[in-house]
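In: what's the 3D shape of this:
(4 chains)
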Number of protein chains: 2
Amino acid sequence: MLNQSTDLDRLFHALADPTRRAMVERLSRGPAPVSELARPLPMSLPAAMQHLGVLEAAGLVRSEKVGRVRTCAVEPQALSQVEQWINARRSEWEQRLDRLGEYLKTLDNEGDGNGSSD
Amino acid sequence: MLNQSTDLDRLFHALADPTRRAMVERLSRGPAPVSELARPLPMSLPAAMQHLGVLEAAGLVRSEKVGRVRTCAVEPQALSQVEQWINARRSEWEQRLDRLGEYLKTLDNEGDGNGSSD
DNA sequence: ATGATACTTAGGCATATGCTTAACCAATCA
DNA sequence: TGATTGGTTAAGCATATGCCTAAGTATCAT
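Out: A predicted model of the protein is given here:
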């Protein structure tokens, strides 16, 4: 259960940039060639390609070149590791809050006292 | 609906580091003082504090100082924006795949005889 | 073959990140 | 009161990131 960190590192890092999220959002609606991904972006084509490289390295996007056009598509299962991590966290702290709730109820029943020291 | 980017930027970026995720994981089990968060980490206390600062700036962690001890705790609703973004993407591309499935079925009905298979 | 299109590679620069050590302050404790 | 504990600030450094321009390479169109 310890650290296969690097996958999550790459995924979160890839998603931490608005340009890259915009690309993923675009690709969520269907595959697109590099130039179409780059066109709306306020940067040069090479810069856009670097972002694409980060997305591919993270496994979020897959691409294939046919003729001179490289077509990119989202990799639908790529986000599952992220989801798993988040769900794990959420369930942990929900459990904690549940236990805290129980505890507070218990205190309530005790009829409370003070407890200061200082 | 476009760009409240910066929140997501900070959240994803905060989670893109194994040290910071380790801190969140630790805090998911309950609040802890800075020194306890830092102790297991292979770095100096100031370095750990910087990570903590990133987590706080992202809204993932909240902390409060009492006496000379600063106690940190997870902010349970902080991940919801991340979840929303991920869910939005997933539902988009699931819809797409559904439509693709329909389309393929249609083709199939047309009575074309070959299988594109691969 | 010539030129346009669609990407790709290379090199470079500015800023951001992650870490370190060396003080420094504030609350206990002896 | 002075030492210790817990945290904070400051300065500096090495590497990583994000962008650029310029110069390729490989199709495709004529």
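
In: From now on I want contacts and neighbour counts done on CA atoms only, so please keep to that.
Out: Will do.

In: Run a quick check on A:His13 versus B:Ala16, I expect a contact.
Out: Yes: counting by C-alpha atoms under 8 Å, A:His13 touches B:Ala16, with 4.9 Å between them.

In: what's stretch A:47-62 in contact with?
Out: Stretch A:47-62 is contacted from outside by A:7, A:10-11, A:14, A:19-20, A:24, A:34, A:37-38, A:41, A:63, A:72-76, A:78-79, using C-alpha atoms under 8 Å, 6 or more residues apart in numbering or on different chains.

In: Now it: buried residues?
Out: A:48, A:51-56, A:58-62 (16 or more other C-alpha atoms under 10 Å in any protein chain shown).

In: Can you say which helix or strand has A:Lys65 in it?
Out: strand A:61-66 (DSSP states H and E).

In: After that strand, which helix or strand is next? Please name it.
Out: strand A:69-74.

In: who's in contact with the spatially closest residue to A:Glu92 that is not a sequence neighbour?
Out: Leaving out its chain neighbours, the residue that sits closest to A:Glu92 by C-alpha to C-alpha, 6 or more residues apart in numbering or on different chains is B:Ser28, at 5.9 Å. Residues near B:Ser28 by C-alpha under 8 Å, 6+ apart: A:89, A:92-93, A:96, B:73-74.

In: B:Thr6 versus A:Leu55, what's the distance?
Out: 19 Å (C-alpha to C-alpha, to the nearest Å).

In: what does A:Glu36 give?
Out: A:Glu36 is 24 Å from B:Thr6, by C-alpha to C-alpha.

In: So which bits of chain A are right by chain B?
Out: Counting by C-alpha under 8 Å from any C-alpha of the partner chain, the residues of chain A close to chain B are A:3, A:5, A:8-13, A:15-18, A:25, A:28-30, A:76, A:79, A:83, A:86, A:89-90, A:92-93, A:96.

In: Out of the helices and strands in chain A, which is least certain?
Out: helix A:80-110 (a mean of 80; mean pLDDT, DSSP states H and E).

In: interface residues of chain A facing DNA strand D?
Out: A:17, A:19, A:42-48, A:51, A:66-68 (C-alpha under 7 Å from any atom of the strand).

In: sorry, back to before: partners of the strand holding A:Lys65 in the sheet?
Out: Under the criterion DSSP bridges, strand A:61-66 sits next to strand A:69-74 (antiparallel) in its sheet.

In: just to revisit the earlier point, would you list the buried entries among the residues of chain A next to chain B?
Out: For the residues of chain A next to chain B, buried by 16+ other C-alpha under 10 Å: A:8-13, A:15-18, A:25, A:28-29, A:76, A:79, A:86, A:89-90, A:92-93.

In: Give me the subset of the residues you listed lying in helices.
Out: Counting by DSSP state H, these place A:8-13, A:15, A:18, A:25, A:28, A:86, A:89-90, A:92-93 in helices.
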